[in-house]
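# structure, please.
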Amino acid sequence: MMLRMNSNVPVDERLQPFVVVTEIAEGQRLAGEVFQRKYRASAPDHGHHILALCRLDDGWATGAYINYLPHRHAMLIGGACTNGEVLRRLPLAHRELINLSGGLMLQMVRYAEARFAEQSVATFGHCGDARSWSVLSQCGYQRLDHPYLIVRWNRELDAEPRQALLASVAALGEF
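Next up is the predicted model:
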């Protein structure tokens, strides 16, 4: 079975024969194992579940996961995790193409940012991890005057609504 990506979503086309990046309703069921391994918690049952599915010899498996949660007129990004076991089962040539493309997290963030750009004035993250930051900075995220808070603006806001949105996100703490 060949799954095709929507051509207007910026996922590296070299990956299309063996990687599908998509939103899946109730995706926490497919991401539960990898999320549990990384965070020692259940995958969230809310928000938008973005998955990178990898084609293996015996079918499709969850290669990576990330969650986007609506907040006011913005999104919160979090819960990124990669399934190393699935990646190790891919042929070496496929792993090399994934690395050349910037990795599965980069593909998922690009997909989701394109998907949610019209409905979201910004996407906020809580990032203290250098590896995650190296990916998110490639997608237009900027550090804020906060130890871990980052943002990717999709459009300009006037000063007052911008400050109110920033304050509401900062008040959430880690997410």
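
# verify the contact between residue 143 and residue 128 for me.
No - the criterion here is C-beta atoms under 8 Å, and residue 143 misses it with residue 128 at 10.9 Å. All C-beta atoms are positioned from the backbone trio N, CA, C, and that covers glycine.

# what about residue 97, which SS state?
When classified by DSSP: H, G, I helix; E, B strand; the rest coil, residue 97 comes out as helix.

# only alpha carbons, please: show the helix or strand of the chain with the lowest mean pLDDT as CSV.
None of the helices or strands of the chain scores lower by mean pLDDT, DSSP states H and E than helix 130-136, at a mean of 93. Extracted in CSV, the C-alpha atoms of helix 130-136 (Å, rounded to 0.1, in the frame of the first residue of the first chain):
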residue,chain,number,x,y,z
ALA,A,130,19.7,21.7,22.5
ARG,A,131,18.7,19.0,20.1
SER,A,132,15.1,20.2,19.9
TRP,A,133,16.2,23.8,19.6
SER,A,134,18.4,22.9,16.7
VAL,A,135,15.3,21.7,14.9
LEU,A,136,12.8,24.4,16.0
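
# what's next to the one helix or strand residue 152 maps to, contact-wise?
Using DSSP states H and E, residue 152 sits within strand 149-153. Contacts with strand 149-153, where a contact means C-beta atoms under 8 Å, 6 or more residues apart in numbering, come from 113, 121-127, 133, 136, 139-144, 166, 169-170.

# of those residues, select the buried ones using a ChimeraX command.
Restricted to buried positions by 16 or more other C-beta atoms under 10 Å, the ChimeraX selection for those reads:
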select :113,121,122,123,124,125,126,127,133,136,139,141,166,169
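
# going by neighbour count, which residues in stretch 95-113 are buried?
Counting neighbours by 16+ other C-beta under 10 Å, stretch 95-113 gives 97-98, 101-113 as buried.

# what is the distance between the strand ranked longest in the chain and the centre of its chain?
Among all segments of the chain classified by DSSP state E, the strand with the greatest residue count is strand 59-71. Strand 59-71 sits 7 Å away from the centroid of its parent chain (C-alpha atoms, centre = their mean, to the nearest Å).
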